[in-house]
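Visitor: From the sequence below, what's the structure:
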Amino acid sequence: MESSSINEQFTYITLALFGFYIVYEGLRGRYRGGRKTAKDWQLFGMSLAWLQFVERPMLVVCSYFTYRLLFPQLEGNYGWLQDISVATLVGLVLGFMLIDEFLHGAIHSFAHARRPTNKLLASIQRWYKGAHRLHHLNGGPDGKGQIGATQTIVVSWGWPFSLPNYWFGTFCLYLGLWEVWIWGTSLKSLWGIHNHSNLTYDMTLLKHPNPWISKTMYALCHVLVFPNQHHHHHSRSNNSGRNMQNFIALYDWLLWKKLVISTERPATYGWRKTDAEEGSAWYRFFHRPFMDKFLPRGMLNGRR
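Guide: Numbers count the residues shown, from 1 in each chain. Here you go, the predicted structure:
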């Protein structure tokens, strides 16, 4: 099957699953009672448009010319690896996801870590914290906000462009590994949408009266990330600095030592917002702390 055909199929599957989760959560009442506000929907639309029409195209163009400058002899030279056998393709996809998830988890952990003493690292971390902050802001000031499938792509400008795993993905494209990239990124995207949704099957299985079922699910939570694990990462508690991975929990367990497995949903979601963040979706999306010293007093203050 041609890469373009596989890409189209995964695009349709992703959009269909995304739509299903949104409708499902709506029918279950997950958007009522302050769980999702008008500003949450605005940020979802802004993030979707910016990601699709600005940031991803910019990333592809910038990364391509960077690789062409640094590694001109490698362009398209490894596509033949995908044609050897199905087993080779599966191995390449698995390797891609392991590397992608490691890079994502490493920078995600860095963004949530304590401020480094090194000034350069502290400045870099400040960028990542600011770029990632929007993903943890949802709901209003009443603390009733909850995440759902739409939160998957709610990120402010610069975050996707700054992720090393995205650059790794475009490097695989540069090498000619189209099918590896399509399968790897699509499977990870589908799993990430599923983790942000309000599915509760993992908690049900963890609390199952049959110990074989509950212990098997507990063991699986050490290997893969399930919805409730990621929901706790979005909580307003110490767990917001836990469960850094999107897909492979092995890194949380063995490398970062930040794995948390719970049988209950978080009591409160999201980070506390400043007055400016409460006032304007534009401020939440575009503001960065490093910009403050360059802007006139009052600009981008987010007040209505």
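
Visitor: Pull the number of nearby residues for Met58.
Guide: 12 (other Cβ atoms under 10 Å). Where you see a C-beta, it was placed from the backbone N, CA and C, and this is true even at glycine.

Visitor: That one should be in a helix, yeah?
Guide: Yes. According to DSSP: H, G, I helix; E, B strand; the rest coil, Met58 belongs to a helix.

Visitor: Now do the buried residues in the helix or strand Leu89 falls within.
Guide: Under the criterion of DSSP states H and E, Leu89 resides in helix 86-112. Within helix 86-112, the residues that qualify as buried are 89, 92-93, 96-97, 99-112, counting by 16 or more other Cβ atoms under 10 Å.

Visitor: From Leu173, how far off is Glu75?
Guide: Distance of Glu75 to Leu173, given as Cβ to Cβ, to the nearest Å: 10 Å.

Visitor: Can you pick out the residue with more neighbours from these two?
Guide: The neighbour count for Glu75 versus Leu173, taken as other Cβ under 10 Å, is higher for Leu173 (18 against 13).

Visitor: what residues are up against Ala106?
Guide: Counting by Cβ atoms under 8 Å, 6 or more residues apart in numbering, Ala106 touches Pro164.

Visitor: no wait, Leu92
Guide: Leu81, Gln82, Leu177, Val180.

Visitor: again, but for Trp181
Guide: Phe96, Gly169, Cys172, Leu173.

Visitor: Please verify my assumption that the first one contacts Leu175.
Guide: No. In this structure, Phe96 sits apart from Leu175 without contact. The criterion is Cβ atoms under 8 Å, and the distance is 11.0 Å.

Visitor: quick one, helices of the chain?
Guide: Along the chain, counting by DSSP state H, helices occupy 3-27, 38-50, 56-70, 86-112, 119-133, 159-162, 164-175, 178-196, 201-206, 211-220, 227-233, 250-254, 275-279, 281-286.

Visitor: Kindly reformat the ones you listed as a markdown table and extend each row with distance to Thr268 and mean pLDDT.
Guide: Converted to a markdown table, the helices of the chain look like this (distance: least, Cβ to Cβ, whole Å; pLDDT from 0 to 100):
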| stretch | distance to Thr268 | mean pLDDT |
| --- | --- | --- |
| helix 3-27 | 19 | 80 |
| helix 38-50 | 16 | 95 |
| helix 56-70 | 33 | 95 |
| helix 86-112 | 18 | 96 |
| helix 119-133 | 17 | 92 |
| helix 159-162 | 23 | 92 |
| helix 164-175 | 29 | 96 |
| helix 178-196 | 17 | 94 |
| helix 201-206 | 17 | 98 |
| helix 211-220 | 25 | 98 |
| helix 227-233 | 11 | 98 |
| helix 250-254 | 22 | 98 |
| helix 275-279 | 16 | 86 |
| helix 281-286 | 19 | 90 |
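
Visitor: so which of these is the most packed in?
Guide: Among these, helix 227-233 has the highest mean neighbour count (mean count of other Cβ atoms under 10 Å), at a mean of 23.
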